[in-house]
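1. Provide a 3D model corresponding to the input given below.
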Amino acid sequence: PSPSDQFNVYNHLYVDTGPSITMGHAHTVHKIHASPKAGACGQKVQTPARFDMVFVQHGEQSHTETFVANSVQVAQVQVIFNLPHHLGSYPHPLAYVEWFTALQQHNPVSGLYIITHST
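-> All right, here's what the predicted structure looks like:
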């Protein structure tokens, strides 16, 4: 990339996950947001930043299999973008994400997974 390159950036992305026993539904389209805070301008009110968390599946696990903690990782989507054509061509937008630690430890009281930003 060079300083003069321009990237198309998006506030959200729709992802069709298909059928999933893991998530408990036959078919779902998820809307993933990645948008910075927008200040008030004219009659528009200020909107807070929104950077959604996502599960990223590793390997070839089928949508109909049960949830396996070591086959997914948690990430927070920071920006959704397309590369300039001279840097490559992809059939879908790309995302820059911040990774979190693996789903390994549970909170003894709530039973929820404990995660922190990955280093």
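2. what sits against the residue of the chain positioned farthest from its centre?
-> Most distant residue from the mean C-alpha position of the chain: residue 42, 31.3 Å away (Cα atoms, centre = their mean). With contact set as Cβ atoms under 8 Å, 6 or more residues apart in numbering, residue 42 has no partners. Backbone N, C-alpha and C define where each C-beta goes, glycine included.
3. The nearest residue to residue 1 once chain neighbours are set aside and residue 8: what is the separation?
-> In this structure, residue 1 finds its nearest non-sequential neighbour in residue 87, 6.4 Å apart by Cβ to Cβ, 6 or more residues apart in numbering. Counting by Cβ to Cβ, to the nearest Å, the separation of residue 87 from residue 8 is 12 Å.
4. one step back: how many neighbouring residues does the residue nearest to residue 1 have?
-> As a burial measure, residue 87 scores 12 neighbours (other Cβ atoms under 10 Å).
5. Hmm, residue 5 and it touching each other?
-> Yes. The criterion here is Cβ atoms under 8 Å, and residue 87 meets it with residue 5 at 7.3 Å.
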